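K.L.:
Predicted model and sequence below, questions to follow.
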Amino acid sequence: MGKAIRLSGLVILLATLLSPACLRAQGMRPHPMLVLAGHPAVPAVETFLEPGRIGGFVIVPSLIGAEAAQGALRIQDGEVPEGLPPPAVDAVKPVFNWHQMQRWNVSEASPHGSESSREPSFLERYRWRVIALTAAVLVQTLLIAFLLHERQMRRKAEVEARNQLSQLAHINRQATAGELSSSIAHELNQPLGSILTNAESAELILGSPTPDLQEVREIISDIKRDDQRASEVIRRMRSLLKRAPFEKKEIDLNQTMREAFDFLKLQASARNVAIYLQTSPQTLRVQGDPVQLQQVILNLVVNSMDAMAKMPYGRTIIGRTDVNGAASAVISISDSGPGIPPDRLNEIFDPFFTTKEQGMGIGLSIARTIVLAHSGQIWAENQSGGGAVFHLSLPLAA
């Protein structure tokens, strides 16, 4: 009985060791002669199918081993070996090596009941992993494409917003220039009148028998000075009215304040408003559009002048520049007017909100839009001693 058990185990072991899967696991390779052969090789046993042979009607050891194991088990159960029936399994089968058939260009039409020994391809073996990975890559690609499209649309919207802001700001500057036109004309007439007077005086001196050339030189110097003054008025006017795209560059905020207040001096004088400017001793470098920032200052100052229009006296505006820590510069414009109703402080920068009878309600709204485009902040509050103060904060240039 023990011999039968050992025999059956040995048969099963041999069948397993000689199986194609076991031979592949052992790394068997085709014989060099098979690699160099000019014709396909046909094996007699299935176990020699994998190492380079095309296949055919071969003996299948695993079937023989299985039949022998069944017989051994029956003997173990008490049957007489002579009484066992002959093997009923046909151990010869048509088995083919699919890769060798592809190599020799042999038709895949095989006899009925044939088995094809074929290693699954990478895609067949890892089909679901490949599908999942492909789907993940596809989703990621679509997401990246969507984000790029979103970024492009956002940039386009930003450009359109800047263009619209530039157009609206230009219209506002024209309206401001219209309000200041009388002051500008007066400021321009003064140097032009002085030039004419000095030119006539020089003509009279040169027409005398003994002209005083030194006095003529002084007159010419006065003419040059008045000409520069008139040119500066025209330059500021052109700067205010020119239509230019929104363009940031590094500027000195103190200089921007000075130019804006110089532009407003005559208008303030004509409206009986005393204006003062206190600039920071420190140079305030910011990234900004100088024309649009000057427009913000003009809008705030003109708004303060309008707020004090009904005051009989004591009309004062003070402009200040200072630093707020190490990160930002601050502009403050305060007036001695009646102040802002507390319930309206949160509304004064809204579009078309105005407390003036003839106001359009766009000056402060445009000022806020420009400040936000410069990554800044703007707000207003009432002073304890009366009047309102507007604050404008801009980040300092790195």
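P.N.:
It's in. Residues are numbered from 1 along each chain as shown.
K.L.:
Tell me where the stretch 101-250 of the chain has strands.
P.N.:
Taking DSSP state E, counting those that start in this stretch, the strands of the stretch 101-250 of the chain run over residues 115-117, 249-252.
K.L.:
comparing these, which gets the lowest mean pLDDT score?
P.N.:
The weakest mean pLDDT among the strands of the stretch 101-250 of the chain belongs to strand 115-117, with a mean of 64.
K.L.:
how many neighbours does the nearest residue to Lys265 once chain neighbours are set aside have?
P.N.:
Leaving out its chain neighbours, the residue that sits closest to Lys265 by Cβ to Cβ, 6 or more residues apart in numbering is Ile275, at 6.8 Å. C-beta coordinates here come from the backbone N, C-alpha and C atoms, glycine included. Applying other Cβ atoms under 10 Å, we find 20 residues neighbouring Ile275.
K.L.:
same thing with Trp128?
P.N.:
Counted with other Cβ under 10 Å, residues neighbouring Trp128 total 7.
K.L.:
One more: Gln214?
P.N.:
By other Cβ under 10 Å, 8 other residues sit near Gln214.
K.L.:
how near is it to Ala388?
P.N.:
Computed as Cβ to Cβ, to the nearest Å, the Gln214 to Ala388 distance reads 54 Å.
K.L.:
Over to Ala367?
P.N.:
Here Ala367 is placed at a distance of 14 Å from Ala388 (Cβ to Cβ).
K.L.:
re the thing from before, what sits against the residue nearest to Lys265?
P.N.:
Applying Cβ atoms under 8 Å, 6 or more residues apart in numbering, we find Ile275 in contact with 261, 264-265, 268, 301, 316-319.
K.L.:
host element of it?
P.N.:
Ile275 is part of strand 274-278, with elements assigned from DSSP states H and E.
K.L.:
okay, that strand in CSV with CA atoms only?
P.N.:
The C-alpha coordinates for strand 274-278 follow below in CSV (Å, rounded to 0.1, in the frame of the first residue of the first chain):
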residue,chain,number,x,y,z
ALA,A,274,-6.5,126.4,1.2
ILE,A,275,-4.6,123.3,0.2
TYR,A,276,-1.5,122.0,1.9
LEU,A,277,0.7,119.0,1.2
GLN,A,278,2.9,117.1,3.6
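K.L.:
oh, and call the first residue 295 from now on, that's how I've got it
P.N.:
With 295 as the first residue, the last one maps to strand 568-572.
K.L.:
List the buried residues of it.
P.N.:
Residues of strand 568-572 classed as buried: 569, 571 (neighbour count, 16 or more other Cβ atoms under 10 Å).
K.L.:
tell me the mean pLDDT for that strand?
P.N.:
If you average the pLDDT values across strand 568-572, you get 92.
K.L.:
List the buried residues in the helix or strand just after that strand.
P.N.:
Sequence order places strand 579-582 as the next helix or strand after strand 568-572, per DSSP H and E. Neighbour counts over strand 579-582 (16+ other Cβ under 10 Å) mark 580, 582 as buried.
K.L.:
helices or strands next to strand 579-582 in the packing?
P.N.:
Packing contacts for strand 579-582, counted by 3 or more Cβ pairs under 8 Å, 6 or more residues apart in numbering; DSSP states H and E, involve strand 543-546, helix 547-564, strand 682-689.
K.L.:
Leu547 contacts Leu578, correct?
P.N.:
Yes - contact criterion Cβ atoms under 8 Å: Leu547 and Leu578 qualify, at 3.9 Å.
K.L.:
so what sits against both of these two?
P.N.:
With Cβ under 8 Å, 6+ apart as the test, Leu547 and Leu578 both reach 615, 623.
K.L.:
the more surrounded of the two?
P.N.:
Between Leu547 and Leu578, counting by other Cβ under 10 Å, Leu547 is the more crowded of the two (27 against 23).
K.L.:
can you give me the helices for the stretch 445-594 of the chain?
P.N.:
For the stretch 445-594 of the chain, the helices defined by DSSP state H, counting those that start in this stretch cover 475-501, 507-535, 547-564, 584-601.
K.L.:
will you turn these into CSV that also has mean pLDDT and distance to Ser687?
P.N.:
Formatted as CSV, these follow (pLDDT from 0 to 100; distance: least, Cβ to Cβ, whole Å):
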stretch, mean pLDDT, distance to Ser687
helix 475-501, 76, 29
helix 507-535, 77, 24
helix 547-564, 86, 11
helix 584-601, 87, 12
